[in-house]
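[1] everything below, folded, please.
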Amino acid sequence: MPRHLLILLFTLSLVHPAQAGAWLREKGTSFSSFAFTGTYALDTTSQTYLEYGLTEKMTLGADIGYIRPRNALHGGYATFFMRRPISAPDAASKWSYDLGIGASWIGDQILPHLRAGLSWGKGMTWGETSGWMNVDASVTWNLATELHLAKIDTTIGVNFTEVTTGMVQIYLAHLAQDTFATVAPSLVFSPGKSKFRIQIGLESPLEELRDSSIKIGLWRNF
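    As a prediction, this is how the structure comes out:
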């Protein structure tokens, strides 16, 4: 497979779901989200993210994405993972690690991969306002090539009201001697008494702002 296609393949998973992080799901509860992004040039991506609290100390999940560029082969990835805590349940700062296995594909090429991650998170309050900060670091190894993807994703969120949350996410990734940086501000709100939350935002790669995309997401806790 040409090297530029391998690089494209790895960049499929640059974006980290906002709900991923150091916190585990409570036993028997789950979370799901679906996000769609699109640029003015009609490059589109979609991502489905799932988590389930298997036990108090283990969360299982799946991260599945598709990319449909206007001038290259379509592709996707799927990673299945488990997350376990490192810090004590009552710790102010939460630490956890995750291990995952999956595969990426472009056209008829399928490449398996392994992923290992470390996460830190902390809740914060300012008077009557609450929020959080989360940092996720991970490395994904492609088992069929020499390439690996190293990532650090940072999320800062503020709960403006009971139904409205603002977020800023910064994605840093290193791949094949290149470094990528993306800034993704968004607003999440609950319409009426709905069980769903809607996310609306932007994703802007700093090295090429004209490739910024609009993001629309749907979240739900069960």
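
[2] would you map the strands across the chain?
    30-39, 44-55, 58-68, 75-85, 93-106, 109-126, 129-142, 148-159, 164-175, 178-189, 196-205, 213-221 (DSSP state E).

[3] how about the fourth one as CSV, C-alpha atoms only?
    Listed in CSV are the C-alpha atoms of strand 75-85, where the atom choice follows Å, rounded to 0.1, in the frame of the first residue of the first chain:
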residue,chain,number,x,y,z
GLY,A,75,-11.8,3.9,4.6
GLY,A,76,-12.5,3.4,8.2
TYR,A,77,-11.3,1.9,11.5
ALA,A,78,-12.7,-0.1,14.5
THR,A,79,-11.1,-0.4,17.9
PHE,A,80,-12.5,-2.4,20.8
PHE,A,81,-11.0,-1.6,24.2
MET,A,82,-11.2,-2.1,28.0
ARG,A,83,-10.5,0.7,30.5
ARG,A,84,-9.4,0.1,34.1
PRO,A,85,-8.7,2.5,37.0
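
[4] buried ones in that strand, by neighbour count?
    Neighbour-count burial for strand 75-85 flags 75-81, 83, 85 (criterion: 16 or more other Cβ atoms under 10 Å). The C-beta positions use only the backbone N, C-alpha and C, and glycine is treated the same way.

[5] would you list the strands of the chain in a markdown table and tack on mean pLDDT and distance to L24?
    Putting these into a markdown table (pLDDT from 0 to 100; distance: least, Cβ to Cβ, whole Å) gives the following:
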| stretch | mean pLDDT | distance to L24 |
| --- | --- | --- |
| strand 30-39 | 89 | 11 |
| strand 44-55 | 91 | 7 |
| strand 58-68 | 90 | 5 |
| strand 75-85 | 91 | 6 |
| strand 93-106 | 91 | 6 |
| strand 109-126 | 89 | 10 |
| strand 129-142 | 90 | 13 |
| strand 148-159 | 90 | 16 |
| strand 164-175 | 90 | 20 |
| strand 178-189 | 89 | 21 |
| strand 196-205 | 89 | 20 |
| strand 213-221 | 89 | 14 |
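
[6] now those in a markdown table, with distance to W23?
    Converted to a markdown table, the strands of the chain look like this (distance: least, Cβ to Cβ, whole Å):
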| stretch | distance to W23 |
| --- | --- |
| strand 30-39 | 10 |
| strand 44-55 | 10 |
| strand 58-68 | 9 |
| strand 75-85 | 9 |
| strand 93-106 | 6 |
| strand 109-126 | 6 |
| strand 129-142 | 8 |
| strand 148-159 | 12 |
| strand 164-175 | 15 |
| strand 178-189 | 16 |
| strand 196-205 | 16 |
| strand 213-221 | 12 |
